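Novice: give me coordinates for this.
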Amino acid sequence: MNRPKTRVHCRLRICHKRTGHFCFECSEFPCERLKHLDARYRTRYGMSQIENLDYIRSRGIREFLELERKKWIGEQGVLCVHDGKYYK
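Specialist: Next comes the predicted model:
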């Protein structure tokens, strides 16, 4: 599979301290790496990784995904947060 290098080697994704599926399951949540990523996403894209994880923790992944579908998927396709373009 052809995946971007940043995804394959994402230090958050392959973190050895996390024992569950989500960062919020870690005793160090939110760690410095996540705080750094969160600050960048807040500035560049107006969204928060930490808020998303808090939502998932409190409401569940299914409800979060439904909310995200309504937010990012429409008749034009899927809106990419990184470039602001719609993709089919």
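
Novice: so where's this structure shaky on pLDDT?
Specialist: 1-8 (pLDDT under 70).

Novice: so residue 41 sits in a helix?
Specialist: Yes. Under DSSP: H, G, I helix; E, B strand; the rest coil, residue 41 sits within a helix.

Novice: quick check, central residue of the chain?
Specialist: The C-alpha lying nearest the average C-alpha coordinate of the chain belongs to residue 49 (CA atoms, centre = their mean; 5.1 Å).

Novice: quick one: residue 76 from residue 69, how far?
Specialist: Using CB to CB, to the nearest Å, one gets 14 Å for the distance from residue 76 to residue 69. (C-beta placed from N, C-alpha, C; glycine too.)

Novice: burial count for the nearest residue to residue 19 once chain neighbours are set aside?
Specialist: If you skip the residues right next to it in sequence, residue 19 has residue 25 as its closest partner in space, 6.3 Å away by CB to CB, 6 or more residues apart in numbering. Here the neighbour count serves as a burial measure; for residue 25 (other CB atoms under 10 Å) it reads 12.

Novice: now the residue nearest to the centre of the chain: closest residue in space that isn't a chain neighbour?
Specialist: Leaving aside its sequence neighbours, residue 49 sits nearest to residue 38 (CB to CB, 6+ apart; 4.6 Å).

Novice: hmm, the one you found is touching residue 48, no?
Specialist: Yes. Using CB atoms under 8 Å, residue 38 makes contact with residue 48 at a distance of 5.5 Å.

Novice: who's more crowded, these two?
Specialist: A direct count of neighbours by other CB under 10 Å for residue 38 and residue 48 places residue 38 higher, at 18 against 15.
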